[in-house]
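Participant: Dropping a prediction and its sequence here:
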Amino acid sequence: MKRSLVSVFFMLVLVCPALFAQQPKTATSVKASAPADIAEVIRRFAAAESENKVARNNYTFTQDFDLITVGEAGSITGRFKRVSDIVYDDRGNRIEKITYFPPSSLVELQITAEDMRDLAGVQPFALTTEDLPKYQIDYVGKEKADELNTYVFNVKPKQFVKGERYFQGRIWVDDQDLQVVKVQGQAVPEVGDQKFPHFESYRENIDGRYWFPTYIYADDMLDFKKGPSVHLRMTVRFTNYKRFGGRVKVLDDVDINQNEENSKSGDKAKPPQNPNKPPAPSDEPKLKRPGDRP
């Protein structure tokens, strides 16, 4: 995100490599206190991330992105709301069909194309096999996360490459399925007057095999160099996952900069229920395996 006049909220922006020359270029590391097989755990959860990312490209789903700025006494001072169906057209191309997109009332922040692009990048799948060499990964220990026993890792990029975005934070890996089930951190690096909130991302088991993101939440104070800080709350919900039955090719992450025709039709669509409900952390899903009792 960017400061307003427009301040730019959120994640992801093209970077200047000179700012990050001081970043260490150490190899992926595992703390000495980690179990002997922890390197295999890392390899397997990264492989699962790659599989999940490819598989999700063959699913349709609904994406509900809701961001508010918060003023005194918890009042809502601005809102950006966008509901979309990620589907396929008649030619098998993956597209975003906007179903609800009222005019933004944000004054203190402005959503950018980079912010929207991050919904398909850093937040859903942060650490695939292809991305593994880019990161330093430190084993923290084991932790109970809702109904799951998990391995916990701290993750940070080794260095920054211009034009790429990275994740920095902590991940939780189920100790049975060896799948990432929770992510907490932010997109990096920050550049200029850009500020990106810390977020939490939760996964749920889909079709008994994949762990797809279903809920992302952020509640953060963005401290800009120029002007006052901005308090934001953001939720992204991914629902209605359905495997696409047609013949499709695996594509890169969906481009959600959308086309003009979908934007116009989305403005006229019926709004979802309770559109003025503020995002709330209590809505986060519980981490559990399929078949577990609620």
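Facilitator: Okay, I see it.
Participant: which helices and strands does the longest helix seen in the chain pack with?
Facilitator: Of all the elements of type helix in the chain, the one with the most residues (DSSP state H) is helix 38-56. If contacts are counted by 3 or more C-beta pairs under 8 Å, 6 or more residues apart in numbering; DSSP states H and E, helix 38-56 sits against strand 148-157, strand 180-188, strand 210-222. C-beta: built from backbone N, CA, C; applies to glycine.
Participant: After the longest one, which helix or strand is next?
Facilitator: Yep, that's strand 210-222 we're talking about. Tracing the chain past strand 210-222, the next element assigned as helix or strand by DSSP states H and E is strand 230-243.
Participant: Let's see that following strand as PDB, backbone CA atoms only.
Facilitator: What follows is the C-alpha trace of strand 230-243 in PDB, where atoms were taken according to Å, rounded to 0.1, in the frame of the first residue of the first chain:
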ATOM      1  CA  VAL A 230      -2.900   4.300   9.500                       C
ATOM      2  CA  HIS A 231      -4.700   1.500  11.300                       C
ATOM      3  CA  LEU A 232      -6.000  -1.100   8.900                       C
ATOM      4  CA  ARG A 233      -7.900  -4.400   9.200                       C
ATOM      5  CA  MET A 234      -8.000  -6.800   6.300                       C
ATOM      6  CA  THR A 235      -9.600 -10.200   5.600                       C
ATOM      7  CA  VAL A 236      -9.400 -12.300   2.500                       C
ATOM      8  CA  ARG A 237     -11.700 -15.400   2.400                       C
ATOM      9  CA  PHE A 238     -11.300 -18.200  -0.200                       C
ATOM     10  CA  THR A 239     -14.500 -20.300  -0.400                       C
ATOM     11  CA  ASN A 240     -16.400 -22.700  -2.700                       C
ATOM     12  CA  TYR A 241     -13.300 -24.600  -3.900                       C
ATOM     13  CA  LYS A 242     -14.400 -26.800  -6.800                       C
ATOM     14  CA  ARG A 243     -12.200 -28.800  -9.100                       C
END
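Participant: coming back round to it: between the longest helix of the chain and strand 230-243, how big is the angle?
Facilitator: 70 degrees (axes from the mean of the first three to the mean of the last three C-alpha atoms, to 10 degrees).
Participant: Can you give the contact residues for helix 38-56?
Facilitator: Under the criterion C-beta atoms under 8 Å, 6 or more residues apart in numbering, residues 28, 30, 124-132, 137, 139, 151, 153, 173, 177-180, 209-212, 250 lie in contact with helix 38-56.
Participant: what about dumping the CA coordinates of that helix to CSV?
Facilitator: Once non-C-alpha atoms are left out, helix 38-56 reads as follows in CSV (Å, rounded to 0.1, in the frame of the first residue of the first chain):
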residue,chain,number,x,y,z
ILE,A,38,14.2,-32.0,10.0
ALA,A,39,15.9,-31.4,6.7
GLU,A,40,13.6,-34.1,5.2
VAL,A,41,10.6,-32.3,6.8
ILE,A,42,11.6,-29.1,5.0
ARG,A,43,12.0,-30.9,1.7
ARG,A,44,8.6,-32.6,2.0
PHE,A,45,6.6,-29.6,3.1
ALA,A,46,8.1,-27.5,0.2
ALA,A,47,7.2,-30.3,-2.2
ALA,A,48,3.7,-30.3,-0.8
GLU,A,49,3.5,-26.5,-1.3
SER,A,50,4.4,-26.9,-4.9
GLU,A,51,1.8,-29.6,-5.4
ASN,A,52,-0.9,-27.5,-3.7
LYS,A,53,0.0,-24.5,-5.8
VAL,A,54,-0.3,-26.4,-9.1
ALA,A,55,-3.5,-28.2,-7.9
ARG,A,56,-5.2,-24.9,-6.9
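Participant: what comes up buried for it?
Facilitator: By neighbour count with 16 or more other C-beta atoms under 10 Å, helix 38-56 contains the buried residues 38, 41-42, 44-46, 48-53, 55-56.
Participant: quick one, which of the helices and strands packed on helix 38-56 is packed in tightest?
Facilitator: Across those, averaging neighbours per residue (mean count of other C-beta atoms under 10 Å) puts strand 180-188 on top, at a mean of 22.
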